[in-house]
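S.K.: Quick one, what's the 3D model for this:
(chains A and B)
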Amino acid sequence: KAGVTQTPRYLIKTRGQQVTLSCSPISGHRSVSWYQQTPGQGLQFLFEYFSETQRNKGNFPGRFSGRQFSNSRSEMNVSTLELGDSALYLCASSLGSFTGELFFGEGSRLTVL
Amino acid sequence: AQSVSQHNHHVILSEAASLELGCNYSYGGTVNLFWYVQYPGQHLQLLLKYFSGDPLVKGIKGFEAEFIKSKFSFNLRKPSVQWSDTAEYFCAVISNQAGTALIFGKGTTLSVSS
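M.R.: Residues are numbered from 1 along each chain as shown, chains lettered A, B, ... in the order given. Modelled structure (predicted):
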């Protein structure tokens, strides 16, 4: 069974640009969560989608947004990039919402210059 | 504020030493508790979980954790660590009072020397 796939794996952007990250969950998983991982803050919850609906949102500015498609694939977008947005962005999928049993992808490493 | 706290940022042990990593949470209501592990160069993976029942849960690779409700704690233990246990360990909580999100602690890096 294929795992969670995230693309791109690495990207470099400059301040003010925007970026879109993609996540393909494990087949049959309907919930997709996104996390930002940094050395100082650890894993911070961004948002969770279940059946195309945002179920929960973390404490991030409105520049961070996401969506989920009918095939459960998800994208997140960060607009007007800031230096502090440099991080590893992790996507995780699960069968349902509120299970806590997440399957993580390898992440998309974003560097903002 | 609701949070998950891991007591140690970096733990260094020799092989065969015993391990205990602390985790406390401040969420109320019904909680489900987890430990995740991230080995060098690998993705995060579930180590063990507690939903209900026996507060002592066993996970993969000889790890176990004990849920103490009165102390809001879920500490991870292993009697004898191996070099291959070198990794970053994350405690996580999902609470019915905090929506559907799994909230992580900041992680503890374990370095095991052979």
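S.K.: only C-alpha atoms for contact and neighbour calcs from this point on.
M.R.: OK.
S.K.: Go ahead and confirm residue B:31 touches residue B:96.
M.R.: Yes: with contact defined as C-alpha atoms under 8 Å, residue B:31 and residue B:96 form a contacting pair (6.7 Å).
S.K.: Who has more neighbours out of those two?
M.R.: residue B:31 (19 against 14; other C-alpha atoms under 10 Å in any protein chain shown).
S.K.: phi, psi of the more buried one?
M.R.: The phi/psi pair for residue B:31 (degrees, to the nearest 10) reads phi -120, psi 150.
S.K.: same thing with residue A:11?
M.R.: phi -160, psi 150.
S.K.: Chain neighbours aside, what residue packs nearest to residue 96?
M.R.: No chain was given, so I picked chain A. Leaving aside its sequence neighbours, residue A:96 sits nearest to residue A:31 (C-alpha to C-alpha, 6 or more residues apart in numbering or on different chains; 5.5 Å).
S.K.: please go with chain B instead
M.R.: Per C-alpha to C-alpha, 6+ apart, closest to residue B:96 is residue B:30, 5.7 Å.
S.K.: show me the contacts for that neighbour.
M.R.: B:95, B:96, B:97 (C-alpha atoms under 8 Å, 6 or more residues apart in numbering or on different chains).
S.K.: As a markdown table, those with pLDDT, distance to residue B:107 and secondary structure would be great.
M.R.: Below are those laid out as a markdown table (pLDDT from 0 to 100; distance: C-alpha to C-alpha, whole Å; DSSP: H, G, I helix; E, B strand; the rest coil):
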| residue | pLDDT | distance to residue B:107 | secondary structure |
| --- | --- | --- | --- |
| B:95 | 83 | 19 | strand |
| B:96 | 75 | 23 | coil |
| B:97 | 70 | 23 | coil |
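S.K.: And the residue nearest the centre of chain A, how far from residue B:44?
M.R.: Centroid check for chain A by C-alpha atoms, centre = their mean gives residue A:34 as the closest residue, at 3.3 Å. Distance, residue A:34 to residue B:44, using C-alpha to C-alpha, to the nearest Å: 13 Å.
S.K.: Can you pull the residues of chain B lying near chain A?
M.R.: B:32, B:34, B:42-46, B:93-94, B:99-107 (C-alpha under 8 Å from any C-alpha of the partner chain).
S.K.: Going through these, which ones are buried?
M.R.: B:32, B:34, B:44-46, B:93-94, B:100-107 (16 or more other C-alpha atoms under 10 Å in any protein chain shown).
S.K.: Could you tell me which of these belong to strands?
M.R.: B:32, B:34, B:45, B:46, B:93, B:94, B:103, B:104 (DSSP state E).
S.K.: Residues in a beta bridge with the third one, which ones?
M.R.: With DSSP bridges applied, the residues forming beta bridges to residue B:45 are residue B:37.
S.K.: All set now, cheers.
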